[in-house]
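[1] what follows is a predicted protein model with its sequence.
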Amino acid sequence: MMTVRIQTEDFDLGQELVSMRLAEHAKQDGLAVNNIGALVSFVGQVREFTNDSQNDGDNIHTLTLEHYPTMTEKALTAIELEAKSRWDVIDTLIIHRVGTLQPLDQIVLVAVTSAHRGEAFKACEFIMDYLKTSAPFWKKETTSQGERWVEAKLSDDAAKERWK
Amino acid sequence: MMTVRIQTEDFDLGQELVSMRLAEHAKQDGLAVNNIGALVSFVGQVREFTNDSQNDGDNIHTLTLEHYPTMTEKALTAIELEAKSRWDVIDTLIIHRVGTLQPLDQIVLVAVTSAHRGEAFKACEFIMDYLKTSAPFWKKETTSQGERWVEAKLSDDAAKERWK
Amino acid sequence: MNINILYFARIKESVNYSSENIDLPSDVETVTALKNYLALRGENWANLFNGKQVIRAAINHALVDDMAKIKAGDEVAFFPPVTGG
Amino acid sequence: MNINILYFARIKESVNYSSENIDLPSDVETVTALKNYLALRGENWANLFNGKQVIRAAINHALVDDMAKIKAGDEVAFFPPVTGG
């Protein structure tokens, strides 16, 4: 099982995670019971202040996410497939929002289930590291200083390199 | 901020995580806003089948967790403190259930918030690896083969060793 | 050959449109050659495509490096390093 | 000296009680010495505490190794390797 959703609307974190841990997608599809013992999830949300080197500590008013619609789902699916080929995971879920968000809004959810925790932790962090560097999303922040495109971080490239 | 709860009753996964990501504990205590950008969580649940080398594939009927009450909270708090000393995290939460559980019941929740994802992933996995090897909990399974105490796994010791 | 080009994020804002259909000279066969070709359109284009800025490319929805070959009918996208998640 | 001993999980089931208050001879000063002392109580105790099984110990709610010193008034706990989470 694996799922990718790109959407403007918010998602219900609790409902998504309960659905993952109880393997509701698999069960709806009549698949065998999965023996899930571990669920690891990541939520990324809009911070209240900028804190990179260029623009430190300004209040964030809005964050707008642009993407490349025909490529996005393909790129995220490829990342999930790669994670599943590397680790013994049961199900993966990626939900990524696009459009204009406010501070504390959820941006992204990645959730992974497996029999044991080590595989789920690795696969979840792997998916996030690849999403950050390979999936076609771009963020623009509005602060009291005006609008600006968020710059990619070298630390994200370094995080991805670890998995090679 | 850090929280430890040992309880027999279930917990509401969604409510706990939303409370973490919105820093509701901190805000109730009048602490400064935290600029949370990342929430990593782990849920451990009772599997439906045993799958270790001794007892492969039996249906699990119940799982009973015993603990050492006066030590448990102290041990978990020490693990959270160690995680906070190693990584720049904002808040940590551990909820661990005791008593008799059924397949698919939640056993444990560990959740960590931070400004950026790397720290939260590391701290969350660290807390789980230490909890598995240092916190005084013991599991007894009931299957169609009868009752048996779950044996500690060498892989858990190895997982802990990575952090030294 | 005829291809479609898409622009995203600050590149789209800078060139002021999001897509174009273009007939390329026959010697423009790689992403690098296409960047060099676009850079000839004027100062704004030169600043973007002269190699001093990191501009990523995708062909038919897959990330590629600058050595990648372009063929007729391809959808080539140019965008800054991604910043999702 | 007088100490409290607690037993957990399969050790508790095996010795058939969960705690005792005991006066130790003056030469029983470490966890190892206490294990050896308990092993003298009979076959069941010997099987548990003769060193062939891994038995963890905590003194006053902190995990310790077998070289740890015991002092009067301590709460010493014996249990199998933990299996929570």
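    Structure's in. What do you need? Numbers count the residues shown, from 1 in each chain, chains lettered A, B, ... in the order given.

[2] what is the longest helix along chain C packed up against?
    Assignment by DSSP state H gives helix C:31-39 as the longest helix of chain C. With contacts taken as 3 or more CB pairs under 8 Å, 6 or more residues apart in numbering or on different chains; DSSP states H and E, helix C:31-39 sits against helix C:43-49, strand C:75-79. The C-beta positions use only the backbone N, C-alpha and C, and glycine is treated the same way.

[3] would you mind writing the CA trace of the next helix-or-strand element following the first one as CSV?
    Think helix C:43-49. Sequence order places strand C:56-59 as the next helix or strand after helix C:43-49, per DSSP states H and E. The C-alpha trace of strand C:56-59 is given here as CSV (Å, rounded to 0.1, in the frame of the first residue of the first chain):
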residue,chain,number,x,y,z
ARG,C,56,17.1,22.8,-12.0
ALA,C,57,15.5,21.1,-15.0
ALA,C,58,13.0,18.3,-15.5
ILE,C,59,12.2,16.6,-18.8
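
[4] now strand C:56-59: mean pLDDT?
    What strand C:56-59 shows for mean pLDDT is 98.

[5] and the closest residue to residue C:63 other than its chain neighbours, how far is that from residue D:66?
    In space, and not counting its chain neighbours, residue C:63 is closest to residue A:134: 6.2 Å by CB to CB, 6 or more residues apart in numbering or on different chains. As judged by CB to CB, to the nearest Å, residue A:134 and residue D:66 stand 51 Å apart.

[6] settle it for me: which of these two has more neighbours?
    residue A:134 (17 against 14; other CB atoms under 10 Å in any protein chain shown).

[7] residues touching the more buried one, list them.
    Neighbouring residues of residue A:134 by CB atoms under 8 Å, 6 or more residues apart in numbering or on different chains: A:75, A:79, A:160, C:63, C:82.

[8] just those residues: which are in strands?
    residue C:63 (DSSP state E).

[9] quick one on the thing from earlier: adding distance to chain B and mean pLDDT, write the helices and strands packed on helix C:31-39 out as CSV.
    Shown next, in CSV, are the helices and strands packed on helix C:31-39 (distance: least, CB to the nearest CB, whole Å; pLDDT from 0 to 100):
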stretch, distance to chain B, mean pLDDT
helix C:43-49, 29, 95
strand C:75-79, 22, 98
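
[10] just name the most buried of these.
    Counting by mean count of other CB atoms under 10 Å in any protein chain shown, strand C:75-79 has the highest mean neighbour count of the helices and strands packed on helix C:31-39, with a mean of 21.

[11] distance between stretch A:68-84 and the chain's centre?
    Chain-centre distance of stretch A:68-84: 11 Å, with CA atoms, centre = their mean, to the nearest Å.

[12] pLDDT of that stretch, averaged?
    Stretch A:68-84 comes out at a mean pLDDT of 97.

[13] equivalent analysis for stretch C:13-28, please.
    Mean predicted lDDT for stretch C:13-28 stands at 95.

[14] which residues are in contact with it?
    C:1-8, C:12, C:33-34, C:37, C:44-45, C:48, C:70.

[15] show me how far that stretch is from its chain's centre.
    On CA atoms, centre = their mean, the centre of stretch C:13-28 falls 7 Å from that of its chain.

[16] what residues of that stretch count as buried?
    C:15, C:24, C:28 (16 or more other CB atoms under 10 Å in any protein chain shown).

[17] what's the answer for stretch C:60-74, then?
    Here stretch C:60-74 shows C:61, C:63, C:64, C:68, C:70, C:74 as buried, counting by 16+ other CB under 10 Å.

[18] give the contact list for residue C:55.
    Taking CB under 8 Å, 6+ apart as the test, what residue C:55 contacts is C:11, C:35, C:48, C:49, C:78, C:79, C:80.

[19] report whether the helix or strand of chain A with the lowest mean pLDDT contacts chain B.
    When the helices and strands of chain A are scored by mean pLDDT, DSSP states H and E, helix A:24-28 comes last with a mean of 76. No: using CB under 8 Å from any CB of the partner chain, helix A:24-28 stays clear of chain B, coming no nearer than 11.1 Å.

[20] and that helix, C-alpha only, in PDB?
    Extracted in PDB, the C-alpha atoms of helix A:24-28 (Å, rounded to 0.1, in the frame of the first residue of the first chain):
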ATOM      1  CA  GLU A  24      -7.900   0.700   7.100                       C
ATOM      2  CA  HIS A  25      -6.800   1.300   3.500                       C
ATOM      3  CA  ALA A  26      -5.500  -2.300   3.200                       C
ATOM      4  CA  LYS A  27      -8.600  -3.700   4.800                       C
ATOM      5  CA  GLN A  28     -11.000  -1.800   2.500                       C
END
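
[21] hang on, the earlier thing: centre of the chain to the longest helix of chain C, how far?
    That offset, for helix C:31-39, works out to 7 Å (CA atoms, centre = their mean).

[22] which residues are contacting it?
    C:5, C:24-25, C:27-28, C:45-46, C:48-51, C:55, C:57, C:59, C:64-68, C:70, C:76, C:78.

[23] about what we covered before: and the buried residues of stretch C:60-74, which is closest to residue A:45?
    Checking those against residue A:45 by CB to CB gives residue C:63 as the nearest, at 26.3 Å.

[24] OK, contacts around the closest one?
    Neighbour list for residue C:63: A:75, A:134, C:56, C:57 [criterion: CB under 8 Å, 6+ apart].

[25] so can I have JSON lines of those showing distance to residue A:28?
    Converted to JSON lines, these look like this (distance: CB to CB, whole Å):
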{"residue": "A:75", "distance to residue A:28": "26"}
{"residue": "A:134", "distance to residue A:28": "30"}
{"residue": "C:56", "distance to residue A:28": "38"}
{"residue": "C:57", "distance to residue A:28": "39"}
